[in-house]
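# Sequence below, structure please.
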Amino acid sequence: MRLLLALFLISFVVAPQQAHAETLTGVVSVIDGDTLKIRGQRIRLHGIDAPESRQLCETAEGQRWRCGQQAALALADMIGRRQVNCTVRDTDRYGRFIAVCRQDGVDLNGWLVREGWAVAYRRYSRDYIRAETEARTARRNIWSGRFDMPWDWRRAQRGG
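As a prediction, the model looks like this:
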C-alpha cells in the first residue's frame with residue numbers, strides 16, 4: 001500500500017515536468033518567422049513574436065517591404081537543412097508546442113530577436129528583452145524603420 005501511495009505521489013511531481021521537458025529534434029520546415037514544423041508537429045517559438053508573413057514594414061525612407069516574409073526567409077537561411085533541437089515548455093490554444101529551439105548551441109528564438117526579425121513577446125516572457133534592446137539600438141531589420149507590433153497587426157486584420 002505504501003509503495004502504491006509513493007508511486008502515485010511521484011507521478012504528480014514528475015509527470016508535469018516531463019510534459020514540458022520534451023525535446024523535439026529534426027530537420028525543420030519554417031512556417032513563418034516564429035513557427036517551425038518538425039515531423040508534422042508545429043512549434044511556436046517561446047517568448048518572441050515575428051511579423052506575420054503578409055505584414056509590411058516601412059524603411060526609414062518610407063518604402064514598404066515584406067518584413068514578415070523576410071523574417072521567415074532569414075530564419076530558413078540560418079537553419080538550412082541542419083538539425084534543430086526544440087525544448088518544449090508548453091502548448092498553446094491551437095495545440096502547437098511552445099519551445100526554445102537551438103541549433104549548434106545557438107538559441108534561435110534569441111537570434112531572431114537580436115537580428116531584428118522578431119520582438120520580445122513580453123505578454124508571455126521576459127527572456128528576450130535584452131536581445132530586443134540590442135536590435136533596436138543597432139536599428140537592425142524591422143527596427144531600421146517603422147512597423148506595427150505583430151500582435152497589433154493581427155488585431156487590425158481581425159477588425160479590432
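
# And residue 56, how close does it get to residue 23?
Applying C-beta to C-beta, to the nearest Å, the value for residue 56 to residue 23 is 36 Å. No exception for glycine: its C-beta is placed from N, CA and C like everyone else's.

# Who has more neighbours out of the two?
With neighbours defined as other C-beta atoms under 10 Å, residue 56 and residue 23 compare such that residue 56 has more, 16 against 11.

# pretty sure the more buried one is touching residue 63, no?
No. If you go by C-beta atoms under 8 Å, residue 56 and residue 63 don't touch, sitting 9.9 Å apart.

# quick one, what contacts the residue positioned nearest the centre of the chain?
Most central in the chain under C-alpha atoms, centre = their mean is residue 45, positioned 2.2 Å from the mean C-alpha point. Residues near residue 45 by C-beta atoms under 8 Å, 6 or more residues apart in numbering: 34, 35, 36, 98, 99, 100, 101, 108, 109, 112, 118.

# now swap in residue 35 and tell me
Taking C-beta under 8 Å, 6+ apart, we find residue 35 in contact with 42, 43, 44, 45, 96.

# and it, what are its phi and psi?
phi -140, psi 130 (degrees, to the nearest 10).

# what does the one 4 residues further on give?
Backbone geometry at residue 39, expressed as degrees, to the nearest 10, gives phi 50, psi 40.

# which residue packs closest to it, ignoring adjacent ones?
residue 26 (5.5 Å; C-beta to C-beta, 6 or more residues apart in numbering).

# Quick check: the one you found is in a strand.
Yes. Using DSSP: H, G, I helix; E, B strand; the rest coil, the secondary structure at residue 26 is a strand.

# And it, how far from residue 41?
As judged by C-beta to C-beta, residue 26 and residue 41 stand 9 Å apart.

# I'd assumed residue 85 was in contact with residue 25.
Yes. In this structure, residue 25 is within contact of residue 85 by C-beta under 8 Å, at 4.9 Å.

# OK, contacts around residue 68?
Here residue 68 is in contact with 32, 33, 50, 51, 52, 53, 54, 55, 56 (C-beta under 8 Å, 6+ apart).

# how close does it get to residue 156?
Using C-beta to C-beta, we find residue 68 at a distance of 14 Å from residue 156.

# all helices for this protein, in order.
Assigned by DSSP state H, the chain shows helices spanning 2-20, 67-79, 108-114, 129-138, 150-158.

# Lovely, talk soon.
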